[in-house]
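Enquirer: Structure of the sequence below:
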Amino acid sequence: MQIQKNISLKPYNTFGIDAIAKHYISVKSIKELQSVLKSDSYPNKFILGGGSNMLLTKDIEDLVVHVNLKGIEVVSENDNHIFVKANAGENWHEFVLWCLNHNLGGIENLSLIPGNVGTAPIQNIGAYGVELKDVFESCEVIDIKTSEIRTFNNKECKFGYRESVFKQEVKDQYIVINVTFKLTKNNHVLRTDYGAITSQLNEMKVSEPTIQDVSNAVIAIRQSKLPDPKKIGNSGSFFKNPVISTKHFETLKLNFPDIPSYPISETEVKVPAGWLIEKAGFKGKTLGNYGVHKNQALVLVNYGDANGKDILDLARLIQKTIYRLFEITIETEVNII
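Expert: This is a model prediction of the structure:
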């Protein structure tokens, strides 16, 4: 085991926070990962994937284990579907591109989401009308305590909106090592009913879109709205879109007639957190070297050498203000470390 000391985690988190790992190791095989987990020299481990969904507010005293497992393989296929296994350390968007290059459909709407494959089921990542659960077949995980491997199927993952069993009942108990996807080989079902995609395809003058066209449209939309983490530190959407009662929504409409919503059920609606944050006056707000992005109020950004505590303080101020104005609690989508 090659354990390094006092390593900056700045290159390993998309927020670009310069926290220090007192002890760090990058693992490239399941055997190596099991060996590290069994090590008594470092009883406490901090598991690091793509670093796309966390805000580091302090240095990490535990052994940081960077899961860097690579590889994509076809497991099986039939006339209509193909089952593809991708290892946890594969970059998510590069995996999407691999699927598109092989004309495999199902995840084109999830183009350009930051992070790695291993994070995808934990978050049940989603965008533009598609969620991971729609194409998820199973994932293999390692038990952190016993180093044993087990499989979770779709039902066992208990997927919800940006939720899964890995964020609830079994939080911090397992490490995802690979994910198997059920993708279409032909007769792809395109999800272009999301307003922004329809408009973008029209702008691109595409009347009969392919999965590649849908991906290109999603990429164009995301690039126009969202900052590139390689240029401006961020973790994508910092907050979840809250779900409120229809009764509460109707009351809010009296004071905010333009408040948008998406029906969830007969008694509940989802309200865009970005709209709430913009209405509260935070969109584009800059505080020194951090702030709220000018094009998308859901995204908090690090313009330089901001520290995680400052960004967390801003997030809490936004949450308090939203509750004061709308009596709505917005939860963070990003994990606070």
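Enquirer: my read: residue 337 touches residue 53, true?
Expert: No - Residue 337 is not in contact with residue 53 according to C-beta atoms under 8 Å; the separation is 10.5 Å. Glycine gets a C-beta too; all of them are placed from N, C-alpha and C.
Enquirer: Show me which of the two is the more surrounded one.
Expert: residue 53 (24 against 17; other C-beta atoms under 10 Å).
Enquirer: OK, contacts around that one?
Expert: Taking C-beta atoms under 8 Å, 6 or more residues apart in numbering, we find residue 53 in contact with 115, 119, 123, 235, 236, 333, 334, 335.
Enquirer: The first one - nearest residue in space that isn't next to it in sequence?
Expert: If I follow you right, that is residue 115. residue 52 (3.2 Å; C-beta to C-beta, 6 or more residues apart in numbering).
Enquirer: and if you look at the second one?
Expert: Leaving out its chain neighbours, the residue that sits closest to residue 119 by C-beta to C-beta, 6+ apart is residue 49, at 4.9 Å.
Enquirer: so what pLDDT did that neighbour get?
Expert: The per-residue pLDDT reported for residue 49 equals 83.
Enquirer: That one and residue 261: what is the separation?
Expert: Distance, residue 49 to residue 261, by C-beta to C-beta, to the nearest Å: 33 Å.
Enquirer: Those two: who's more crowded?
Expert: Between residue 49 and residue 261, counting by other C-beta under 10 Å, residue 49 is the more crowded of the two (24 against 18).
Enquirer: check contacts around that one.
Expert: Taking C-beta under 8 Å, 6+ apart as the contact definition, residue 49 lies against 66, 67, 88, 89, 115, 116, 118, 119, 176.
Enquirer: what secondary structure does the fourth one sit in?
Expert: Read it as residue 89. coil (DSSP: H, G, I helix; E, B strand; the rest coil).
Enquirer: tell me which strands and helices the lengthiest helix in the chain is in contact with?
Expert: Criterion DSSP state H: the longest helix present in the chain is helix 308-326. For helix 308-326, the elements it packs on are strand 54-55, helix 273-279, strand 290-292, strand 300-302, judged by 3 or more C-beta pairs under 8 Å, 6 or more residues apart in numbering; DSSP states H and E.
Enquirer: so which of those is the most packed in?
Expert: Most buried of the helices and strands packed on helix 308-326, by mean neighbour count (mean count of other C-beta atoms under 10 Å): strand 300-302, with a mean of 26.
Enquirer: Partner strands of that strand and their direction?
Expert: strand 233-234 (antiparallel), strand 290-292 (antiparallel) (DSSP bridges).
Enquirer: just how off-centre is that strand within its chain?
Expert: Here the centre of strand 300-302 is set off from its chain's centre by 16 Å, with C-alpha atoms, centre = their mean, to the nearest Å.
Enquirer: what about residue 25, helix or strand, and which?
Expert: strand 20-27 (DSSP states H and E).
Enquirer: ditto for residue 254
Expert: Assigned by DSSP H and E, residue 254 belongs to helix 246-255.
Enquirer: Moving C-terminal from that helix, which element do we reach first?
Expert: strand 262-263.
Enquirer: That next one pairs with which strands?
Expert: Short version: by DSSP bridges, strand 262-263 pairs with strand 268-270 (antiparallel).
Enquirer: So what's the gap between the strand it pairs with and the chain middle?
Expert: For strand 268-270, the distance to the chain centre is 22 Å (C-alpha atoms, centre = their mean).
Enquirer: same question for it, mean pLDDT?
Expert: On average, strand 268-270 scores 91.
Enquirer: Name the residues of that strand that are buried.
Expert: Neighbour-count burial for strand 268-270 flags 269, 270 (criterion: 16 or more other C-beta atoms under 10 Å).
Enquirer: Kindly report the same for stretch 313-327.
Expert: For stretch 313-327, the neighbour count (16+ other C-beta under 10 Å) marks 314, 315, 318, 319, 321, 322, 326 as buried.
Enquirer: Report the contact partners of the last one.
Expert: Okay, so that is residue 326. Applying C-beta under 8 Å, 6+ apart to residue 326 gives the contacts 252, 256, 276.
Enquirer: Wait, residue 215 touches residue 93, no?
Expert: No - taking contacts as C-beta under 8 Å, residue 215 lies outside contact range of residue 93: 9.7 Å.
Enquirer: out of the two, which sits in the busier spot?
Expert: For residue 215 versus residue 93, the count of surrounding residues by other C-beta under 10 Å is larger for residue 215: 23 against 18.
Enquirer: Of all the helices and strands packed on helix 308-326, which one comes closest to residue 8?
Expert: strand 300-302 (14.3 Å; C-beta to C-beta).
Enquirer: for this structure, which spans come out with low pLDDT?
Expert: Within the chain, the ranges that satisfy pLDDT under 70 run 1, 195.
Enquirer: switch to 80 and redo it
Expert: The chain contains residues with pLDDT under 80 at 1, 43, 50, 194-195.
Enquirer: ok, longest strand in it?
Expert: Once the chain is assigned using DSSP state E, the strand that runs over the most residues is strand 174-184.
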